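Asker: Have a look at this fold, sequence not included:
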Ligand code: G6P
């Protein structure tokens, strides 16, 4: 949800900023831009195409000071005027911003200057200009008038100031100077250690000095963190991030199991003595792994529920000290999930973060962390990280029920035998024309149906729903006719016959059925799955369905890595 970066270096900061933006592109790709300081004035270059276009436009420009932005539009359409960086009305200050200024309308009314864009960010840069003092003083006093969230980098003359509230921001020394970015994986220029900015903290960045300030403008000391190796990616390179990442699933599952078996991650957790219930809270794909986790905990005799974070945060759930609250998030920076964690932290509940990003905000809010070792995930549609979340939740459920030891061999066998299975291309050719696609299943297969349907919607824009097979006859069956494709997932032995009866009801109404299963086909066209550990079948069955979404997207001529209207990291409510 917008990525920002800033460099003040001895070498060309513009080039470094473009490199960072390339990595940050997953956070939004509606537009991008750079401001730099050269010959006593600020120069700004923007693109509505992509970072490569920005790279070409900035190739011949060099400066020791640059700020960059890649945008996911919130206020104002996708236009060059709304693209960041934004300049103050005197053109003396440039700003990049990730977040939302909630009171921007009131601030704008009081500012009395001409605005070029419809953005809340342009209001902020003008607000900063109107304050008095040095740049850091102006930024801090402006921030006091602002309601909402921000990670900002601001330049005026030769000065660079950054600051944040809610949205993430990290600063570091690089080989030739200093850098600030929204994500530690976007540091370029040989960074070894970095600093985490907390809410309402600010920094003045000079080539060989970083000074930190609190919201009162007082200097503060901060300790550096070692840059973790998770920022390195795995080694499968395909033509899209999404394809590479699905194919990496086998490596990352093996890696995750190895890390858990060879470390004290589980035994070092500080858990409540008696866990009566486990509630899982998440958004998007992570919510689906939370649903799966709830099934695993119930199978081990622990009552469990999964909640969508944006509902939980305003809901009326009854909290309990005997409940363990698990926050599932690939990025660890999803605004609604973090808001729930902060809410429960205030009430002194037991919190655990299940994340794929070391040092993320969610890890810092929660008492305990269960990491997934999926490596950096760039594609907006989450794939390998989802499989790792499901895997770790299963492992954790076994651990809590003291059954892990007895199942280690089976887990190792699973990661050894597991194969990444593409969707049958010949079958795809027969079904890709469908515009109405339902995914059905029962129990855990229903959760897989939810995730498969979300993948398809996200990247191919086909109208699709997921429904538990038993519910079809309570309404949705009315929509089934010859124009409907039903993809049924069947890996749960105990409800297999029931599901088949539901599929016959669909067939009787003219719907085309594709079965994704490790059981006999029952006369339906089938995508065959290998039979593996029943509880981990959701990982086996989702892979061809992730590929189904990907291949549909490719057939329709879309870019799976950049789905319209979406962003990987959702740092706004
Ligand atoms: C966005 C992404 C999804 C992701 C969801 C939750 O919507 O596009 O892929 O599942 O956010 O993200 P998180 O980082 O919290 O798992």
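Answerer: Great, that's in hand. Since the model is a prediction, treat every value here as computed from it, not as a measurement. Residues are numbered from 1 along each chain as shown.
Asker: Could you report the pLDDT at residue 234?
Answerer: On the pLDDT scale, residue 234 is placed at 55.
Asker: Next up, the contacts around the residue in the stretch 51-200 of the chain positioned nearest to the ligand.
Answerer: Residue nearest to the ligand within the stretch 51-200 of the chain: residue 72 (10.5 Å; C-beta to the nearest ligand atom). Just so you know, the C-beta spots here come from the backbone N, C-alpha and C atoms, and that holds for glycine as well. For residue 72, the contact set (C-beta atoms under 8 Å, 6 or more residues apart in numbering) comprises 1-2, 27-30, 567.
Asker: go on, residue 29?
Answerer: Taking C-beta under 8 Å, 6+ apart, we find residue 29 in contact with 50, 70-72, 562.
Asker: List the ones among those that fall in strands.
Answerer: Among the contacts of residue 29, the members found in strands (DSSP state E) are 70-71.
Asker: of all the contacts of residue 29, which comes closest to residue 114?
Answerer: Residue 114 has its nearest neighbour among the contacts of residue 29 in residue 71, at 21.8 Å by C-beta to C-beta.
Asker: residues touching the closest one, list them.
Answerer: Going by C-beta under 8 Å, 6+ apart, residue 71 touches 2, 28-33, 78, 82-84.
Asker: Narrow those residues to those that are buried.
Answerer: Listed as buried from the contacts of residue 71 are 2, 28-33, 82-84; burial here means 16 or more other C-beta atoms under 10 Å.
Asker: With secondary structure, distance to the ligand and pLDDT added, can I get the contacts of residue 71 in CSV?
Answerer: Listed next are the contacts of residue 71 as CSV, based on DSSP: H, G, I helix; E, B strand; the rest coil; distance: C-beta to the nearest ligand atom, whole Å; pLDDT from 0 to 100:
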residue, secondary structure, distance to the ligand, pLDDT
2, coil, 14, 92
28, coil, 11, 90
29, coil, 13, 90
30, coil, 15, 92
31, strand, 19, 95
32, strand, 19, 97
33, strand, 23, 98
78, coil, 18, 91
82, coil, 22, 95
83, coil, 22, 96
84, coil, 21, 96
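Asker: Residue 259 and residue 98, how far apart?
Answerer: As judged by C-beta to C-beta, to the nearest Å, residue 259 and residue 98 stand 31 Å apart.
Asker: what does residue 88 give?
Answerer: With C-beta to C-beta as the criterion, residue 88 and residue 98 are 19 Å apart.
Asker: same check, this time on residue 543
Answerer: 33 Å.
Asker: more crowded one of the two?
Answerer: residue 98 (32 against 23; other C-beta atoms under 10 Å).
Asker: pLDDT score for the more buried one?
Answerer: 95.
Asker: Ok, residue 571 next?
Answerer: pLDDT at residue 571 comes out at 74.
Asker: Also residue 373?
Answerer: On the pLDDT scale, residue 373 gets 94.
Asker: And residue 103, its phi and psi?
Answerer: phi -100, psi 30 (degrees, to the nearest 10).
Asker: Find the nearest non-adjacent residue to residue 85, please.
Answerer: Leaving aside its sequence neighbours, residue 85 sits nearest to residue 35 (C-beta to C-beta, 6 or more residues apart in numbering; 4.0 Å).
Asker: hmm, back to that, and the contacts of residue 71, which two are furthest apart?
Answerer: 29 and 82 (14.1 Å).
Asker: picking that back up, check the gap between the residue of the stretch 51-200 of the chain closest to the ligand and residue 429 for me.
Answerer: Counting by C-beta to C-beta - residue 72 and residue 429 are separated by 35 Å.
Asker: just the strands in the stretch 151-300 of the chain please.
Answerer: 159-165, 170-174, 177-181, 193-196, 201-206, 209-213, 219-220, 225-226, 277-282 (DSSP state E, counting those that start in this stretch).
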